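Novice: I would like the atomic coordinates for the input below:
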Amino acid sequence: MKKSIMVLSTVLMLGGIAQAQKVAFEEYNLENGLHVILHNDPSAPVVITSVMYHVGSKDENPERTGFAHFFEHLLFEGTENIKRGEWFKMVSSNGGINNANTSDDRTYYYEVFPSNNLELGLWMESERMMHPVINQIGVDTQNGVIKEEKRTVFDNRPYGNYIAVVKENMFKNHPYRWSTIGSMEHLDAATLEEFQAFHKKFYTPNNAVLVVAGDFDKKQAKEWIRNYFGTISSGENLKKQIFTEEPITQTIKARYEDPNIQIPMLVTSYRTPSMKTRDARVLEMISSLLSDGKSSKLYKKIVDDKKMALQIGAFTYSQEDYGMYIIYSLPLGENTTTTILNEIDEEIVKLQTELISEKEYEKLQNIIDNQFVNHNANVEGIAENLAKYYLLYGNVNLINTEVELFHSITREEIRDVAKKYLNPNQRLILDYVPVTEKVQN
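Specialist: Numbering: from 1, shown residues only. Just a heads-up that it's a prediction; the model follows:
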């Protein structure tokens, strides 16, 4: 009886959360192929205009990596009707903020304005799509900016390159093998014509989704969208190339020396399926179980109880085609990366051979609900999620229903997915170590 009451309580809680958090939206296409999603939320006097393009680092020429991230910067340089250097001034002087980000799979631009500036936001994003100025001055300027970013965020930052090294070793054929920021040598060698060709190919209406979210009049918004975006010419019909990787059947061992660290870091990574799969969602739950918070299995055992590590974590690096499940740790005192790996493997074997307890399962359900609420806690998060679920998942309504997918995952599935993907012969073991001092003769 007690178990039945607990199950009923969980169902009612899920229903309440789903209803309270339900995101209403309308979606349609313009004739040029631009997909439009509108989400009206009058709770705050702000409006977000955002465009997500289906282009990321995986769409680059292997000899010209870094182009997608380069355009994240370059498309703020100016347009035919927005003078160079005026973009950010125009946004801030009208009470707004803006930004952009790039992944292996997509590039995202957005502005947040007071709700009376929706037309300005739409005009600016249409200018970015239709009239960008891509000239040598802008290319040279952003080349310098990106080199400084690489030095600051990656090369001179402790442990700054470990994701790049993991990707390089986990993928041999797929473009995920290079970092999003790309190669500075490739950017130096690229011609202006190559940058222009890349833009012409990918930054088109039929390769993008426009999201308007916040406090706005829907009828007026549709009229402005038609006026500003409807006349933009559709681009070529892109057919994404499919890259496949052979399964990992033997442990990959790698070593990387980082001049910015004193403590070695253990990194182990398993290749996982597309983020669109059910198994990828199960792996996210496993990640929460192992390392979400100080009460998680790995943190409590290795950091708190045994005091073997300064830090430990696990996370899913989810992408459109493949993903990675990464575990990392910093040893404490005399402990080594090998002894910590043994402790990690013990916990993984338990997951593979035993069902987690009902209490642990209930905790996972609570984490799922909290994440669902947090992801849609503000209109900016909702706008990005709407774009992501359309462009990468092909189902906008997952913004409302994905939580139900997570709740349908059973304890048996958690055990079976751990057994399927988290085996020693299916992983990379990376020794990420301080630079070895050269012996003087």
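
Novice: make it CA atoms for all contacts and neighbour counts henceforth
Specialist: OK.

Novice: Tell me where this protein has strands.
Specialist: 26-29, 35-40, 46-53, 97-102, 107-114, 208-214, 252-258, 265-273, 309-317, 322-331, 427-434 (DSSP state E).

Novice: Comparing the ones you listed by mean pLDDT, which bottoms out?
Specialist: For the strands of the chain, mean pLDDT drops lowest on strand 309-317, to a mean of 92.

Novice: how about it: buried residues?
Specialist: A309, Q311, I312, G313, A314, F315, T316, Y317 (16 or more other CA atoms under 10 Å).

Novice: For Y110, see how far away S318 is.
Specialist: 22 Å (CA to CA, to the nearest Å).

Novice: which one of those two has more residues nearby?
Specialist: Y110 (23 against 19; other CA atoms under 10 Å).

Novice: For that one, give the beta-bridge partners.
Specialist: S50, N99 (DSSP bridges).

Novice: let's number from 38 now, not from 1
Specialist: Happy to do that; since the first residue is 38 now, the last one works out to Y147.

Novice: OK, contacts around it?
Specialist: By CA atoms under 8 Å, 6 or more residues apart in numbering, the residues touching Y147 are I85, T86, S87, V88, N135, N136, A137.

Novice: Mind checking which of those are buried?
Specialist: Judged by 16+ other CA under 10 Å, buried ones among the contacts of Y147: I85, T86, S87, V88, N135, A137.

Novice: can you list those residues in TSV and add distance to V249?
Specialist: TSV is the format used below for the buried ones among the contacts of Y147 (distance: CA to CA, whole Å):
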residue	distance to V249
I85	6
T86	5
S87	7
V88	9
N135	14
A137	16
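
Novice: how close does the residue nearest to the spatial centre of the chain get to M167?
Specialist: Taking CA atoms, centre = their mean, the centroid of the chain lies closest to S140, which sits 6.0 Å from it. With distances taken as CA to CA, S140 is found 23 Å from M167.

Novice: do T447 as well
Specialist: 48 Å.

Novice: Tell me where the model's unsure across this protein.
Specialist: The model of the chain has pLDDT under 70 over residues 38-58, 474-478.

Novice: picking up where we left off before, out of the contacts of Y147, which comes closest to Q173?
Specialist: A137 (21.7 Å; CA to CA).

Novice: isn't Q348 right up against D341?
Specialist: No. Counting by CA atoms under 8 Å, Q348 sits too far from D341 to count as a contact (9.8 Å).

Novice: start to end distance for stretch 458-470?
Specialist: 26 Å.

Novice: which residues touch that stretch?
Specialist: 196, 199, 203, 206-207, 284-295, 298-309, 374, 385.

Novice: switch the cut-off to 6 Å
Specialist: Contacts to stretch 458-470, defined as CA atoms under 6 Å, 6 or more residues apart in numbering, come from residues 285-294, 301-307.

Novice: buried residues in that stretch?
Specialist: Quick answer for stretch 458-470 (16+ other CA under 10 Å): Y458, L459, N460, P461, Q463, R464, L465, I466, L467, D468, Y469, V470.

Novice: And for stretch 411-422?
Specialist: N413, V416, E417, I419, A420, E421, N422.

Novice: Can you give me the neighbour number for E450?
Specialist: E450, neighbours per other CA under 10 Å, totals 17.

Novice: ugh, wrong one, I meant F125
Specialist: Neighbour tally, F125, other CA under 10 Å: 17.

Novice: P212 against K95, yeah?
Specialist: Yes. Between P212 and K95 there is a contact at 4.7 Å, judged by CA atoms under 6 Å.

Novice: Who has more neighbours out of those two?
Specialist: K95 (25 against 22).

Novice: Would you check which pair of the buried residues of strand 346-354 lies furthest apart?
Specialist: A346 and Y354 (22.5 Å).

Novice: For E97, which non-adjacent residue is spatially closest?
Specialist: Spatial nearest neighbour of E97, excluding adjacent residues (CA to CA, 6 or more residues apart in numbering): F104 at 6.7 Å.

Novice: quick one: the helices in the stretch 88-237 of the chain?
Specialist: 104-111, 124-130, 155-167, 173-186, 199-207, 221-226, 229-239 (DSSP state H, counting those that start in this stretch).

Novice: which one of those lies closest to I269?
Specialist: That would be helix 155-167 among the helices of the stretch 88-237 of the chain, by CA to CA, at 6.2 Å.

Novice: Kind regards, and thank you for your time.
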